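Trainee: what follows is a predicted structure for the sequence shown.
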Amino acid sequence: MRIQLKTPEQVKNSSTSGLFLLCAGSYAVKTNGNSCVMVVMGVEYIITENKINWYFSLDPSKVKVNGYCGKYVANISLTIPGDAASLQFTFKKKFDKFYVSQLNAHLSPQPLCKGCINKTYSGQITSEMLFMTPVCESFKCRSGRLLSVSPEMKIKMAPLQMQAFNFSDREYDAVCLKKSKKIIAMVMGAVVMTLVFIIVLSFLFIRDRHRQGYERM
């Protein structure tokens, strides 16, 4: 089974706003009832042939998730029916941080032109420490990432959020809340310090004015 790619014009016309928004899916690998890998993202494959870009976006409703969980290594694999497209992440844990050590992708589209042969595109990124994050937190990037896995294929992930190694789904959702509370506390602290600074300056200014008035008398 091969998939149909879209041209830039088709991608643009598919959005009423003129901007193509990826459909984000939530994918998880669980062990003993807890998630060891969870990824929330939209995925777009970009194929370049003869200086022309062709596009394919993963439909979350058609994605099959597989993977495994280890103490220091975990994996999540996303595929669609017929193995026409796949995306695989290998996570590693080192000390108190996790990262993606390897990314593999492949895509089997229909011929891009009449008379063109069937071609499968594949690529990978290895020996990298992608998306390095403390184990107790999730990596998050709303603007997404664009990664080149081969000269002919790029993978766009937007938005992108991922976490690995033995955590509960509730903890995954709580990360953003904890960060938001921390930011709010920092902002409130800065506001309070600014108000105190203004009050002190006002007090000193009024005291100096009174002192100058006494000296004139």
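Mentor: On my side now, so go ahead.

Trainee: name the residues of stretch 133-150 that are buried.
Mentor: 133, 137-140, 144, 147, 149-150 (16 or more other Cβ atoms under 10 Å). In this view, the C-beta of every residue, glycine as well, is placed from N, C-alpha and C.

Trainee: out of those residues, which are inside strands?
Mentor: Judged by DSSP state E, the buried residues of stretch 133-150 include 133, 139-140, 147, 149-150 as members of strands.

Trainee: how far away is the residue nearest to the spatial centre of the chain from Glu9?
Mentor: Nearest to the geometric centre of the chain sits Leu160, at 1.7 Å (Cα atoms, centre = their mean). Leu160 sits 26 Å away from Glu9, going by Cβ to Cβ, to the nearest Å.

Trainee: tell me how the protein divides into domains.
Mentor: Annotated domains of the chain cover 8-167, 169-217 [automatic domain parsing].

Trainee: which of those has the lowest average pLDDT?
Mentor: When the domains of the chain are compared by mean pLDDT, domain 169-217 comes last with a mean of 64.

Trainee: picking up where we left off before, got the contact list for the residue nearest to the centre of the chain?
Mentor: Neighbouring residues of Leu160 by Cβ atoms under 8 Å, 6 or more residues apart in numbering: 39-41, 139-142, 144-145.

Trainee: and the two most separated of those residues?
Mentor: The two members of the contacts of Leu160 with the most space between them (Cβ to Cβ) are Val39 and Arg142, at 14.6 Å.

Trainee: run through the strands of the chain in chain order.
Mentor: 25-31, 34-49, 52-57, 64-69, 73-79, 85-94, 97-107, 121-134, 139-141, 145-150, 153-167.

Trainee: can you list the ones you listed in TSV and add distance to Ile198?
Mentor: What follows is these, written out as TSV (distance: least, Cβ to Cβ, whole Å):
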stretch	distance to Ile198
strand 25-31	46
strand 34-49	43
strand 52-57	52
strand 64-69	54
strand 73-79	51
strand 85-94	47
strand 97-107	41
strand 121-134	37
strand 139-141	35
strand 145-150	42
strand 153-167	39
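
Trainee: I figured Met41 hits Ala24, correct?
Mentor: Yes: counting by Cβ atoms under 8 Å, Ala24 is a contact partner of Met41 at 5.8 Å.

Trainee: who has more neighbours, the two?
Mentor: Met41 (24 against 18; other Cβ atoms under 10 Å).

Trainee: tell me how far stretch 192-209 is from the chain's mean position?
Mentor: 45 Å (Cα atoms, centre = their mean, to the nearest Å).
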